[in-house]
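J.: with the sequence up front, the predicted model follows.
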Amino acid sequence: MQNNCQLIGVDDAFPLRITSESMRSPEYFRKEVDLCFVKNWILVGRVEEIPEAGSYITKDLPFGHASILIVNTKNGIKGFRNICRHRGNKIACAAAGQARAFTCTFHGWTYDCDGKLRGVPDEEAFLDLDKARLGLIPVHIDTWNGFIFVHLGNEIPAPLKEYLGDLYGFFNGFDFDKLNVTWSFKTEVEANWKICFDGFLEQYHFAFSHRTTVANTFLAPDNRFGRLGWHQWWDPHCVCSITGNPSPRRPPIGKVLGGPNVAGSLPPEPFVISKNMNPTQDDNWELDSVMLFPNFLIQAHPKSYNVWWFWPVSATKSVFEYRRYERAARNAGERFAQEYYLSLVRDTFLQDLFAFEHVQQSISSGAIDEFPLSLSEARVAYLHHQVNKRLAREHDPVIEGEGDVCSS
Ligand code: FES
Ligand SMILES: [Fe+2]
C-alpha cells in the first residue's frame, strides 16, 4: 500500500497522484508562473540559430507576455528584453535575422548589438534625455551543450551549471551541433501546460492512444504497458532511458526504405553520442528522455534528437512547440524516409492533443479533485511535485530555510 503513495529511493518522496487545482486554478497558475518560470532558467534556443556576430533571434515567452532578443555580439551572446525604451515597441519583430544595429520601427530610436542606445531622432526635443541610462534591458543568459537559456528574475540567479546539477555532464560528447532542424511544429492547445507535458512523460498511454502509430515500435512483449525503465531523479530535472520492441512490425514502405522508425529515419553515419547515454547498454535502446524543469523535453536518439516546449499561456491554455533535429537528407529516398517519419509523428501528436483537450475539459468541470498515478507515470508525479514544492516554499518560509523538505 505504501508503494502506491510514495516512490522508494527518492530523497524527498513524492505522491503518485496529481490535483485538479494545479491544472485549472488561475491563482495557482499565477504563482506557478512567477516561481517556476519568471524566477527560473528557461531554455529558448540553440547557438546554431545565431551563427555569427550580428545574428539574432527573438522569442516570445507567453507566460510573462515577454519577448526576448538574443544577439550574437563580438563580446559573446547577449540577451535583452525586446522592448524599446522610448514607448515600448518591440525593437526586433522578426523571429530571426542579421543586424549591425536595431532601429525601432515606431520613432526610429537605434540601439547597437550590445544594447546601448546610439541614436534618437530629433534628440534636442527631449528635455534631459540620458541616453546612457536608456539601453536595452539585459536579461541573464548562459548556455549548455549549445542550448541557450535566459533568466528573467531581477536577482542574480544560481549559475546555470548549478541549476542543471547532475544533468550538466549527461550529454557530454553528443554531436548536437552536427544536426539541423528538419521539421518543427507549434500550436496552441486548450489545456494546461502540465497536461501536455505529462503526456510526454509516460508511455502507459501508448497501447491505447497510439495503437495505430508508435505503440508497436516501443512496446515489447515483456513491457506491453510501457513501464518506466532506467531513470534518475536529478532535482528538479529527471532522465529516463527508453527501449523498444525487438521485433517491430514494419509496414511495407518501411521495408523498402530500410526501416524508418522513431529512432531516426535516415541510415546511420558516423555520429557520436554521449558515453552516459543508453546507460543499461540495451540492444533495443531507442532514446534517452530528459525532462528539463520547468517546461522542456529532450529526446536524444542514436543519431537525431527531438525537443519540446510546453509554454504556459493561462491555467487552461498552452503553446506546444516541437523541433526535430537530424542531418539533412542526401537524396530523394532519404527525403521520402524523413517525410514518412514525420507523418507518423504528426499522427501521434494528433492522438495526444485530442486527449489533452478532453482532459482539460474534464478537469475544468470541477467534478474530480485528484487523480491516481501508477509507477509507470512517476515522471508525471515528479513534474507536479517540483511545481508544488516551489509553491509550498512560498507559503512557508521556514520550509524554504530547511532546503528540500517535501510537503507531501
Ligand atoms: S517606441 Fe521605439 S522609438 Fe518610439
Ligand atoms: Fe503520446
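T.: Structure's in. What do you need? Ligands and ions are numbered 1, 2, ... in the order given.
J.: neighbours of Glu321, how many?
T.: 16 (other C-beta atoms under 10 Å). For the C-beta atoms, the positions are set from N, CA and C on the backbone; glycine is no exception.
J.: helix/strand/coil for the nearest residue in space to it that is not next to it in sequence?
T.: For Glu321, ignoring the flanking residues on the chain, the nearest one in space by C-beta to C-beta, 6 or more residues apart in numbering is Trp309 at 4.1 Å. Here Trp309 is recorded as strand under DSSP: H, G, I helix; E, B strand; the rest coil.
J.: burial of the closest residue to ligand 1 within the stretch 301-408 of the chain, as a residue count?
T.: When scored by C-beta to the nearest ligand atom, the stretch 301-408 of the chain has Val313 as its residue closest to ligand 1, at 25.6 Å. A count of neighbours around Val313, defined by other C-beta under 10 Å, yields 18.
J.: tell me if it really is in a strand.
T.: Yes - under three-state DSSP, Val313 falls within a strand.
J.: quick check: it touching Pro62?
T.: Yes - with contacts counted by C-beta atoms under 8 Å, Val313 reaches Pro62, the gap being 4.7 Å.
J.: mind listing what's buried in the lengthiest helix in the chain?
T.: Identified as the longest helix of the chain according to DSSP state H is helix 332-364. Buried positions in helix 332-364, judged by neighbour count with 16 or more other C-beta atoms under 10 Å: 334, 336-338, 340-342, 344-345, 348-349, 351-353, 355-356, 359-360, 363-364.
J.: for stretch 233-252, same thing?
T.: 233-245, 248, 250.
J.: if we can go back for a sec, got any residues that touch both of Val313 and Pro62?
T.: Residues touching both Val313 and Pro62 (C-beta atoms under 8 Å, 6 or more residues apart in numbering) are Val319.
J.: residues in contact with the residue nearest the centre of the chain?
T.: Centroid-nearest residue in the chain: Phe296, 1.7 Å away (criterion: C-alpha atoms, centre = their mean). Each residue near Phe296 by C-beta under 8 Å, 6+ apart is listed here: 43, 307-310.
J.: what pLDDT does it get?
T.: Listed pLDDT for Phe296 reads 98.
J.: list of residues touching stretch 306-321?
T.: 23-26, 28-29, 32-33, 37, 43, 61-63, 184-197, 200, 295-299, 322-325, 353, 360, 364.
J.: kindly recompute the last result at 6 Å.
T.: 24, 26, 29, 33, 62-63, 186-190, 192-193, 196-197, 295-299, 322-324, 360, 364 (C-beta atoms under 6 Å, 6 or more residues apart in numbering).
J.: could you do stretch 233-248 as well?
T.: Counting by C-beta under 6 Å, 6+ apart, 10, 165-167, 216-220, 229-232, 279, 282, 284-293, 379, 382, 386 sit against stretch 233-248.
J.: so which of these belong to strands?
T.: Among these, the members falling in strands are 231-232, 285-292 (criterion: DSSP state E).
J.: of these - the most surrounded one?
T.: Neighbour max across these (other C-beta under 10 Å) = Met291, 27 neighbours.
J.: beta partners of that residue?
T.: In this entry, Met291 is beta-bridged to Cys238, Leu297, by DSSP bridges.
J.: contact partners for whatever residue of the stretch 151-300 of the chain ends up closest to ligand 1?
T.: The stretch 151-300 of the chain approaches ligand 1 most closely through Leu152 (21.0 Å), counting by C-beta to the nearest ligand atom. Contact analysis of Leu152 by C-beta under 6 Å, 6+ apart lists 38, 139.
J.: list the residues that contact Trp41.
T.: 149, 151, 160, 163.
J.: rerun at 8 Å
T.: Here Trp41 is in contact with 142, 149-151, 157, 160, 163 (C-beta under 8 Å, 6+ apart).
J.: now Glu190
T.: Taking C-beta under 8 Å, 6+ apart, one finds 316-317, 357, 360-361 in contact with Glu190.
J.: for those residues, which one is nearest Lys78?
T.: Closest to Lys78 out of these is Lys317 (31.3 Å), distances taken as C-beta to C-beta.
J.: buried ones among the contacts of stretch 306-321?
T.: Applying 16+ other C-beta under 10 Å to the contacts of stretch 306-321 flags 24, 29, 33, 62-63, 189-190, 192-193, 196-197, 295-299, 322-324, 360, 364 as buried.
J.: endpoints of stretch 148-159, how far apart?
T.: 13 Å (C-alpha to C-alpha, to the nearest Å).
J.: how about that stretch: buried residues?
T.: 148-152, 157.
J.: taking the residues you listed one by one, which sit in strands?
T.: 148-151.
J.: and which of those residues is nearest ligand 1?
T.: For those, the nearest to ligand 1 is Val150 (21.8 Å; C-beta to the nearest ligand atom).
J.: how about the residues of the stretch 101-250 of the chain that lie near ligand 1?
T.: With the criterion set to C-beta under 6 Å from any ligand atom, the stretch 101-250 of the chain comes near ligand 1 through 104, 106-109.
J.: from those, which would you call buried?
T.: Using 16+ other C-beta under 10 Å, the buried ones in those are 104, 109.
J.: and the residues of the stretch 101-250 of the chain next to ligand 1 as TSV, adding pLDDT and secondary structure?
T.: Below are those laid out as TSV (pLDDT from 0 to 100; DSSP: H, G, I helix; E, B strand; the rest coil):
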residue	pLDDT	secondary structure
Cys104	98	coil
Phe106	98	coil
His107	98	coil
Gly108	98	coil
Trp109	98	coil
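J.: got the residues of the stretch 101-250 of the chain next to ligand 1 as JSON lines, with distance to Gly135 columns?
T.: Converted to JSON lines, those look like this (distance: C-beta to C-beta, whole Å):
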{"residue": "Cys104", "distance to Gly135": "13"}
{"residue": "Phe106", "distance to Gly135": "17"}
{"residue": "His107", "distance to Gly135": "17"}
{"residue": "Gly108", "distance to Gly135": "16"}
{"residue": "Trp109", "distance to Gly135": "11"}
